[in-house]
Each structure stands twice: as C-alpha cells, then as structure tokens.
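In: Build me a structure from this.
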Amino acid sequence: MQTIDERIREALDADDAELYDKLGEPSLLGRVFEVLTGRMKWMNRIMWLVSVVIMGAGVYALVRFFRAEQVHDMLMWGGGFMMTMMTVSMLKVWFWMEMQTNSVLREVKRVELQVARLGSRSGD
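Out: I've put the predicted structure just below:
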C-alpha cells in the first residue's frame with residue numbers, strides 16, 4: 001500500500017520531484033528553531049523565556065515543599081508547584097500548536113508552488 005507522499009512523487013515529473021524532495025520535512029529540532037525564528041519570533045522568544053522562568057519558580061517551590069515542616073506550608077508550596085507546572089504545560093502546548101501551524105503553512109506553500117508551476121506549464 002502506497003502512502004500519499006509516494007503517490008505524489010510518482011505523479012510529479014523529475015524536476016518537480018527533485019524540488020519536492022528539497023523542501024522535505026525538518027527535524028523536531030529544526031521545527032523548534034523555526035518557531036523561534038519565524039514570523040512571530042519576538043512573541044515566541046518571550047514566551048520561551050517566560051516558560052524557563054516559571055519552570056525555575058516551580059523547581060524552587062518543589063524544594064521549599066520538601067523543606068517545609070508544617071502541613072500548611074507544604075500545601076502552599078505544593079499548590080505553587082502544581083500551578084507553575086500547569087502553566088509550563090500550557091506554554092508547551094502553545095509551542096506545539098505554533099509548530100503545527102508552521103507545518104500546515106509549509107504544506108500550503110508546497111501546493112501553491114505546484115499550482116503555480118502547473119499554471120506556467122499550461123500557459124506554454
């Protein structure tokens with residue numbers, strides 16, 4: 001059974017197939033850097049920095065939790081730790097959504113390129 005990518009490569013001529021392969025999918029690390037250098041790089045960098053700061057606050061709250069001697073203090077520091085981890089988790093989901101948006105935009109641009117190339121050939 002063929003995947004959709006294999007069917008597309010078969011339908012393309014040699015020049016288009018070579019271009020399609022050049023535009024290949026970036027690695028996970030490449031996608032992360034793409035988010036930090038893309039259109040909204042200033043917002044993504046700020047959110048990344050906020051995420052690191054909140055993670056540091058979470059580690060601090062966890063350390064204080066284990067050093068607390070009273071139950072009230074344990075509940076407060078444990079609650080602070082849980083809140084910081086939920087915030088970091090939401091920021092991570094936001095980054096994954098940004099990476100997904102970039103992937104969808106990349107595919108749309110590939111389709112636009114193919115339509116433009118097809119249009120230029122049919123005009124000849």
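In: For the residue nearest the centre of the chain, which three-state class applies?
Out: Closest to where the C-alpha atoms of the chain average out (CA atoms, centre = their mean) is M99, at 2.6 Å. When classified by DSSP: H, G, I helix; E, B strand; the rest coil, M99 comes out as helix.
In: hang on, isn't it packed against L29?
Out: No - judged on CB atoms under 8 Å, M99 makes no contact with L29 at a distance of 11.1 Å. Where C-beta positions appear, they are placed from N, C-alpha and C, glycine not excepted.
In: Give me the spatial nearest neighbour of the residue nearest to the centre of the chain, chain neighbours excluded.
Out: For M99, ignoring the flanking residues on the chain, the nearest one in space by CB to CB, 6 or more residues apart in numbering is R31 at 4.7 Å.
In: Sticking with the one you found, tell me its helix or strand.
Out: helix 28-37 (DSSP states H and E).
In: R106 now?
Out: helix 71-122.
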